[in-house]
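In: Got a sequence here, can you model it:
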Amino acid sequence: MSLGPINAPAFAELCWLLEQPDTRLLPDAIWLGGKRHLYQHLRDMQAVTVTQESAPSIMCPYCTSRSIQPELLTQVKSTLLSYRAFCSDCGWLQLGAEQSRLWQTKPAKMAEWLNAALGLNARHKVETVLDGVLWYLGDREIRRQRRSFFFGRRIDSASLAVNAALDRLAAPGAQALITTSDPALLKSTALADRQVVPLRAIAQLRKAHIVVENLDAYFDGIVPVVVTDETSLRVLHIQRAVLIDGAKVLVSPRVYEFLKVLEDAEGDEVHKRHIARNLGISAATFRAADIFKRHKKVSQTFVGNDKNGNFWLKPEFIMIEGR
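Out: Numbering: from 1, shown residues only. Okay, the predicted model is just below:
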């Protein structure tokens, strides 16, 4: 029988489980929830496992109305029925390990699958970036541009930490974050402008692993040409650039750091000593004109100053760019 009809709902269930705070499940949630066949399929693929940890309590599988507590038998007559539990309605019951122990999936397993499916495992080992949240999969060239691939789960609840990690590990605009999180939930977070690839949109279960398809569509660059006169810092952190009258202007690393210091101050004045310290230069030799020598229009557009060594982000950009 073809596994196609079961692969899609099983994969959807796996993605749902990966987004839960605790990726363990009580056995009765599986056996009584009408999803036994899906989890058994995922277990066969080693996507989920039965742990060695007994469930604190489960619903009686016979009457489904009483809570029972599985006990490990000291003298096991059958390896298939290694637990027992007492139900006030049904009496003593013999239970199997699958009915008595917690089930779980390990997010790192999905990271390893993606690492292999993307063809990265020969050159890159999966690296944990944020424990239980973010993994680095490796680099791959797409459309003649080197991309750094990551896998993340529940990233909406750790968006600031994830965003900082991506800034640290990937070049601006060169990261690709594959995730089980809902992209709609990221629109109001620090990850709003990141390149996010929904896992279910590009991956499918196949036999004992996953395959990745249609990934290039996210990097084709085939988008409608939009005429705009936008002036903002919207793409500062993902492309190290600013928008002036709709045109993207790439900025130097020092100009980027200068603007970031002002953005973090949210409109407050910042003295040149503080800026110099963040840029790693001496306050005695600090001159904004030197930093913006090739970016005068950027300075004129976004930066205010009082000629006494104080600088600030102009107020019309604060509400737009606040993080």
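In: Need the distance between the two termini of stretch 85-99.
Out: Its first and final residues considered, stretch 85-99 spans 11 Å by Cα to Cα, to the nearest Å.
In: and Leu199, backbone torsions?
Out: phi -60, psi -40 (degrees, to the nearest 10).
In: In this structure it contacts Thr179, no?
Out: Yes - if you go by Cβ atoms under 8 Å, Leu199 and Thr179 touch, sitting 6.2 Å apart. All C-beta atoms are positioned from the backbone trio N, CA, C, and that covers glycine.
In: Looking at the two, which has the bigger crowd around it?
Out: Thr179 (26 against 21; other Cβ atoms under 10 Å).
In: Trp312 contacts Glu266, correct?
Out: No - judged on Cβ under 8 Å, Trp312 makes no contact with Glu266 at a distance of 9.3 Å.
In: what touches both of Leu199 and Thr179?
Out: Residues touching both Leu199 and Thr179 (Cβ atoms under 8 Å, 6 or more residues apart in numbering) are Phe151.
In: So between Trp312 and Glu266, which is more surrounded?
Out: The neighbour comparison of Trp312 against Glu266 (other Cβ under 10 Å) goes to Trp312, with 18 against 13.
In: which residues sit in contact with the more buried one?
Out: Counting by Cβ under 8 Å, 6+ apart, Trp312 makes contact with 262, 265, 267-270, 303-305.
In: so which of the residues you listed is the most crowded?
Out: Top of the contacts of Trp312 by neighbour count (other Cβ under 10 Å): Leu262, with 24 neighbours.
In: hang on, that one in a helix?
Out: Yes - under DSSP: H, G, I helix; E, B strand; the rest coil, Leu262 sits within a helix.
In: just checking, it touches Asn310?
Out: No - if you go by Cβ under 8 Å, Leu262 and Asn310 don't touch, sitting 10.7 Å apart.
In: got any residues that touch both of those two?
Out: Val270.
In: name the element Ile318 belongs to?
Out: Using DSSP states H and E, Ile318 sits in helix 318-321.
In: What mean pLDDT does that helix get?
Out: When pLDDT is averaged over helix 318-321, the result is 48.
In: same check, this time on stretch 229-237
Out: Stretch 229-237 comes out at a mean pLDDT of 78.
In: do the same with stretch 280-300
Out: 91.
In: Under the pLDDT cut-off, which ranges of the stretch 1-150 of the chain? List them.
Out: 1-4, 75-80 (pLDDT under 70).
In: The contacts of Trp312 in helices, which ones?
Out: Of those, the ones assigned to helices by DSSP state H are 262, 265.
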